[in-house]
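K.L.:
prediction below, plus the sequence it came from.
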Amino acid sequence: MLLPSIRLWATRLLAVGAIVYACVLLALLAVLLLAPERVEYTWWLAVPNLLLPHLLAVAVVLLVLLLTTKARRVAALVAVLGLLIFVGSSTDLRRPFTKVSAGQPLRIVSLNQRFKNGRVERILDAVAQQNGDVVAIQELSPPVAAALAAEMQERYPYQLLAPSRSSEGMGLLSRYPFEVVRHPMEYNAQHVRVSIDGHDITLINVHLEAPQIDIRRHPRLRFLPLVSGYDAAERERGLAALLRDIDAIGGPLLLAGDFNLSDREASYRALDARLHDAYRDTMLGFGFSFPYWQRVGGVGHMPVPFPLIRIDYVWSRDGILPVQAHTDCPTSGSDHCLLAAELRLLAAQQGANATQTAELIAPSALDSLPIALPGNNRERGPFASWRRYFPAPK
């Protein structure tokens, strides 16, 4: 009699927990849907929004557990709530995009090496294996820069290396000649103009400031990290300056790097309205790139076995169209997965026909992004699929 009683109580606790969990997620959906402008400035909305795909995965696990019990009605309720949340939170895992076969092929690789990473040979191996035409490196350290200059000069004869012992180091490797345009002071980046078989392309290697996430410890359960703040103000200032540069640059444009910006955040839409996101426009899946198998202070100094969010991107515009992209998580000691993108460089007229004009968002308007955003891609951001039923106010 004791064992059936324990099973009964366990089933009831599981059912109650599943219902409470689903209702909390549904409440989060309602807040993000009805007050999206509060997401970036309220940590208890911003952090769950970043991790919502993983929170939904927990709901799926609870649903499977419920199906193994007699609480089938509760399982059905949780399934309905979960379906509503999934549909509401969908960010278009893949958008329809015309396949491109014509044009000059170009392979771009982006890697944040982590400036404290001392595995120099592994970093060089990871770069060499991707066989990129252009490689953009963030957090470039002096030892890695010295090794690149010494060992990869033949493969990449054109190099712009600005290493640092902090996270500000940057580097560009190229098979094609380029000239430095300028070094922006409002955000960490390298601007160059690359000449590729008659194509003059502006290329920006970007590393925006990471949001500040405040962590405190539970007074009794010291192993349990508690998030108490999320501040992306520095990143937003850098992004506003970057957007001004994007709007001022004429002709074909490429951006690659660590933007410290999730595709679930509202500011992502300002870039998405102007440029092609190589991964989102061509691939299925989430494309998570950070953090990768590291002891991350914000996760209780526990190793993270797989990336949780996507913050590394390759963007293009004006006749530079993405064909495919993929992330690779080598054992190079970095806390980022490497991102490689295949693109095609089209002739000027082809590029004009293939790239639709976007309605731009002024950088000064980042603090009040509208819910529905017209542009060269479908509207995106948290709970974009619900917005057809809840249009933005005129």
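P.N.:
Yep, it's here.
K.L.:
from here on, contacts and neighbour counts on C-alpha atoms
P.N.:
OK.
K.L.:
residue ranges with poor pLDDT in the stretch 101-250 of the chain?
P.N.:
183-184, 217-218, 220-225 (pLDDT under 70).
K.L.:
mind listing the strands for it?
P.N.:
104-112, 134-138, 158-162, 170-174, 178-182, 188-196, 199-207, 212-217, 225-231 (DSSP state E, counting those that start in this stretch).
K.L.:
of those, which stretch is the most buried?
P.N.:
strand 134-138 (a mean of 27; mean count of other CA atoms under 10 Å).
K.L.:
that one pairs with which strands, parallel or anti?
P.N.:
strand 104-112 (parallel), strand 170-174 (antiparallel) (DSSP bridges).
K.L.:
tilt between it and strand 188-196?
P.N.:
180 degrees (axes from the mean of the first three to the mean of the last three CA atoms, to 10 degrees).
K.L.:
what segments of this structure are helices?
P.N.:
Using DSSP state H, the helices of the chain run over 2-34, 43-50, 52-67, 72-89, 120-130, 142-151, 233-248, 268-272, 278-282, 348-354.
K.L.:
just put the strands paired with strand 134-138 in JSON lines and tack on distance to A10.
P.N.:
What follows is the strands paired with strand 134-138, written out as JSON lines (distance: least, CA to CA, whole Å):
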{"stretch": "strand 104-112", "distance to A10": "46"}
{"stretch": "strand 170-174", "distance to A10": "54"}
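K.L.:
which one of these lies nearest to L321?
P.N.:
Closest to L321 of the strands paired with strand 134-138, according to CA to CA: strand 104-112, at 9.8 Å.
K.L.:
dump the closest one to PDB, restricted to CA.
P.N.:
The C-alpha coordinates for strand 104-112 follow below in PDB (Å, rounded to 0.1, in the frame of the first residue of the first chain):
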ATOM      1  CA  GLN A 104      31.500  34.900 -57.000                       C
ATOM      2  CA  PRO A 105      31.700  32.600 -54.000                       C
ATOM      3  CA  LEU A 106      33.000  34.000 -50.700                       C
ATOM      4  CA  ARG A 107      33.500  32.200 -47.400                       C
ATOM      5  CA  ILE A 108      33.500  34.300 -44.200                       C
ATOM      6  CA  VAL A 109      34.600  32.900 -40.900                       C
ATOM      7  CA  SER A 110      34.100  34.600 -37.500                       C
ATOM      8  CA  LEU A 111      35.600  33.500 -34.200                       C
ATOM      9  CA  ASN A 112      35.800  35.000 -30.800                       C
END
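K.L.:
what's in contact with that strand?
P.N.:
127, 130-140, 256-258, 312-314, 334-346 (CA atoms under 8 Å, 6 or more residues apart in numbering).
K.L.:
next one: that strand to chain centre, how far?
P.N.:
16 Å (CA atoms, centre = their mean, to the nearest Å).
K.L.:
equivalent analysis for stretch 230-242, please.
P.N.:
Using CA atoms, centre = their mean, the offset of stretch 230-242 from its chain centre is 15 Å.
K.L.:
residues of that stretch that come out buried?
P.N.:
230-232, 235-242 (16 or more other CA atoms under 10 Å).
K.L.:
a markdown table for these, including distance to A146?
P.N.:
Shown next, in a markdown table, are those (distance: CA to CA, whole Å):
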| residue | distance to A146 |
| --- | --- |
| Y230 | 36 |
| D231 | 35 |
| A232 | 33 |
| R235 | 29 |
| E236 | 33 |
| R237 | 32 |
| G238 | 29 |
| L239 | 30 |
| A240 | 33 |
| A241 | 31 |
| L242 | 29 |
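K.L.:
okay, now the unreliable bits of the stretch 251-394 of the chain?
P.N.:
293-303, 347-394.
K.L.:
what ranges do the strands span in it?
P.N.:
Using DSSP E, counting those that start in this stretch, strands in the stretch 251-394 of the chain cover 253-258, 276-277, 295-296, 302-303, 312-317, 320-328, 338-345.
K.L.:
of the ones you listed, give the one that comes closest to L66.
P.N.:
strand 302-303 (29.0 Å).
K.L.:
pull the number of nearby residues for A126.
P.N.:
Other residues within reach of A126, judged by other CA atoms under 10 Å, total 17.
K.L.:
dump the residue contacts of L77.
P.N.:
I19.
K.L.:
mind starting the numbering at 611 from now?
P.N.:
With 611 as the first residue, the last one maps to L687.
K.L.:
any idea what the closest residue to V791 other than its chain neighbours is bridged to?
P.N.:
Take V791 and drop its neighbours on the chain: the residue closest to it by CA to CA, 6 or more residues apart in numbering is V802, 5.0 Å away. Legend: beta-bridge partners of V802 under DSSP bridges are V790, L813.
K.L.:
so how far is E789 from V802?
P.N.:
5 Å (CA to CA, to the nearest Å).
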